[in-house]
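Visitor: Any chance you can model this:
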Amino acid sequence: MTPIIKPSTELRQNYNAIAELCRSSGQPVFLTRNGSGDMVIMDIETYRRREEEMDINTRLLAAEHDRLNGVQYHTLEEFRTQVEEAIERGASNGRE
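Guide: Prediction:
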C-alpha cells in the first residue's frame, strides 16, 4: 500500500477534498510541513477499525504470553461443564 502524502497547506486550502480522500481510500493521509512529516489524519471509521485491530492484537499477545508462561486456560466445553456443575451444586444446596 503506497502511503498518501500531502502538504499541510493542502489541508488548510482544501479540507473537503482531503477528508473525502481519507474516507474513500480507508487509509491515513500523511501531512508534511516544510517537506518533513508532521501529522497523520484519517477518517473516523478507519480509526475505529485500527483501534479494534490493535485491541485484538494486544489481547492475542497477552494470551500468547500467558501460554508461554504456563497459564492454564479452559476450553469452552470445560467452562460450560464447570458452570453446569456449579449451578447443580447451588440447586442441591438450596433444597436441603
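Visitor: Does the nearest residue to residue 7 once chain neighbours are set aside lie in a helix or a strand, and which?
Guide: Distances taken as C-beta to C-beta, 6 or more residues apart in numbering put residue 32 closest to residue 7, at 5.4 Å, once the chain neighbours are dropped. Quick note: C-beta positions are derived from backbone N, CA and C, even for glycine. Assigned by DSSP states H and E, residue 32 belongs to strand 29-33.
Visitor: same thing with residue 5?
Guide: strand 4-7.
Visitor: quick one: that strand to chain centroid distance?
Guide: 25 Å (C-alpha atoms, centre = their mean, to the nearest Å).
Visitor: What of stretch 39-48?
Guide: The chain centroid and the centroid of stretch 39-48 are separated by 13 Å under C-alpha atoms, centre = their mean.
Visitor: do the same with stretch 46-65
Guide: 4 Å.
Visitor: could you dump that stretch to CSV, C-alpha only?
Guide: The C-alpha trace of stretch 46-65 is given here as CSV (Å, rounded to 0.1, in the frame of the first residue of the first chain):
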residue,chain,number,x,y,z
THR,A,46,-10.5,3.8,9.6
TYR,A,47,-9.5,5.0,13.1
ARG,A,48,-12.1,2.8,14.8
ARG,A,49,-11.1,-0.2,12.7
ARG,A,50,-7.4,0.3,13.6
GLU,A,51,-8.2,0.7,17.3
GLU,A,52,-10.2,-2.6,17.2
GLU,A,53,-7.4,-4.4,15.4
MET,A,54,-4.8,-3.1,18.0
ASP,A,55,-7.1,-4.2,20.8
ILE,A,56,-7.4,-7.7,19.4
ASN,A,57,-3.6,-7.9,18.8
THR,A,58,-2.9,-6.7,22.3
ARG,A,59,-5.2,-9.4,23.7
LEU,A,60,-3.8,-12.1,21.5
LEU,A,61,-0.3,-11.1,22.5
ALA,A,62,-1.2,-11.2,26.2
ALA,A,63,-2.8,-14.7,25.7
GLU,A,64,0.3,-15.9,24.0
HIS,A,65,2.5,-14.5,26.7
